[in-house]
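In: Sequence below, structure please.
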Amino acid sequence: MNQPAIVARGLRKAYGKHVVLDGVDLEVPEGTVFGLLGPNGAGKTTIVRILSTLIPADAGDIRIAGHDLTRQPDLVRAAIGVTGQFSAVDGLLTGEENLMLMADLRHLDRRAGRRRTAELIERFDLADAAKKPAAAASGGMRRRLDLAMTLVGDPRIIYLDEPTTGLDPRSRRTMWAMIRQLVAGGVTILLTTQYLEEADQLADRIALLDQGRFVAEGTPAELKRLVPGGHVLLRFADAVDLDAAARALRDATRDDDALTLQVPSDGGVESLRALLGHLDNTSVEVTDLSVHTPDLDDVFLALTDRERVTQP
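Out: Got it, this is the predicted structure:
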């Protein structure tokens, strides 16, 4: 098996008496998207800044792409790319000039830099921004340029710190498609985001951070199963079938006006098969069935400190 792209053990960081990270363990497999969720101030950006070598951890062992972050920071920097919350694009330079500047910073020679710039302009559909000042480009175009600049050095690990903040829904989905393409090519993504739908759409695994600790970790589906409230809604053609089903399913909540039963369920295949098998024995006809499971919003609110979530 391939080694994990990112491994952190016992990660700690404090500013005076304020503890930001309190013994965080993190492991990100290669070629996956790992999402970090949490309230504002939970420590997500601090993790990214530590893993980017921008600030030191107070304690912890960290390996990035097999390199020890403390002893081999230059090798770590060569292996990663970072796209932060705020665009690194220089608005006075053209898109092409921004990419060439990044190529210079990555120590590519002029020929290799121009070749890489041309490849990224085509790959990210940046032709309209190539010869114009970046300040004149749309928000979505600037974010695509920002991501393209991150890829100039062809990193295999990318930290995306709230990459779609401020984008409209169409531009956000365009960015999602680009992220999926990167992962399909073997790139590892560490994603922090305030958009829970974004994490649900992109992340293979998610860690929920609150008050400096991970309070939950798993796939999106696993996290949703941590929160009660999942159910199957059954609809019937008439009151006769509703009555018969209610007698058979004693844990269900009935709505006589809507002719429905709400049956507690985790939404899994086995529980659905058991429910339908139970109804088969009653000869009741179900006209409609829908599965309702908690979403990541429910998980977020249930597992994080609610007072902190509601603060401005």
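In: Residues in contact with the strand or helix carrying Ala221: which ones?
Out: Following DSSP states H and E, one finds Ala221 within helix 220-224. Helix 220-224 is contacted by residues 199-200, 203, 206, 208, 216, 230, 293-296, 298-299 when judged by Cβ atoms under 8 Å, 6 or more residues apart in numbering. (Each C-beta comes from the backbone N, C-alpha and C, glycine too.)
In: where do the strands sit along the stretch 51-200 of the chain?
Out: 59-64, 67-68, 80-83, 157-161, 188-192 (DSSP state E, counting those that start in this stretch).
In: before we move on, the earlier item: so which of the contacts of helix 220-224 sits lowest on pLDDT?
Out: Within the set of the contacts of helix 220-224, pLDDT is lowest for Thr293 (78).
In: Who are the contact partners of that residue?
Out: 224-225, 230, 266-267.
In: can we see that at 10 Å?
Out: Counting by Cβ atoms under 10 Å, 6 or more residues apart in numbering, Thr293 touches 221, 224-225, 227, 229-232, 265-268.
In: wait, isn't Thr46 in contact with Tyr15?
Out: Yes. With contact defined as Cβ atoms under 10 Å, Thr46 counts as touching Tyr15 (9.4 Å).
In: With neighbour numbers in mind, choose between these two.
Out: Thr46 (21 against 9; other Cβ atoms under 10 Å).
In: Relative to Asp74, how far out is that one?
Out: From Thr46 over to Asp74 the distance is 22 Å, taken as Cβ to Cβ, to the nearest Å.
In: How about His292?
Out: Going from His292 to Asp74 by Cβ to Cβ gives 51 Å.
In: got it, and Gly229?
Out: Distance from Gly229 to Asp74, by Cβ to Cβ: 49 Å.
In: got it, and Asp266?
Out: Between Asp266 and Asp74 the distance is 48 Å, computed by Cβ to Cβ.
In: my guess is Asp243 contacts Arg254, does it?
Out: Yes. Shown here, Asp243 and Arg254 form a contact pair, counting by Cβ under 10 Å, at 8.8 Å.
In: Looking at those two, which is more packed in?
Out: For Asp243 against Arg254, the residue with the higher neighbour count under other Cβ under 10 Å is Arg254, and the figures read 17 against 14.
In: Test of understanding: give the bridge partners of the more buried one.
Out: Leu261 (DSSP bridges).
In: In contact with the closest residue to Leu92 other than its chain neighbours, which residues?
Out: In space, and not counting its chain neighbours, Leu92 is closest to Pro133: 6.0 Å by Cβ to Cβ, 6 or more residues apart in numbering. Shown in contact with Pro133 (Cβ under 10 Å, 6+ apart): 90-95, 97-98.
In: Closest one of these to Thr174?
Out: The shortest gap between Thr174 and any of those belongs to Gly95, at 16.0 Å (Cβ to Cβ).
In: In the stretch 101-250 of the chain, what residue spans correspond to helices?
Out: 110-123, 127-130, 139-150, 169-184, 196-202, 220-224, 239-248 (DSSP state H, counting those that start in this stretch).
In: Among those helices, which comes closest to Leu259?
Out: Using Cβ to Cβ, the nearest of these to Leu259 is helix 239-248, at 5.3 Å.
In: Tell me, how many residues neighbour the closest residue to Asp22 other than its chain neighbours?
Out: Leaving aside its sequence neighbours, Asp22 sits nearest to Gly212 (Cβ to Cβ, 6+ apart; 3.8 Å). Gly212 is flanked by 21 other residues according to other Cβ under 10 Å.
In: Got the confidence number for Gly212?
Out: On pLDDT, Gly212 comes in at 91.
In: Any figure for the gap between it and Lys13?
Out: 8 Å.
In: Now do the shared contacts for the two.
Out: 19-22, 24, 43, 46.
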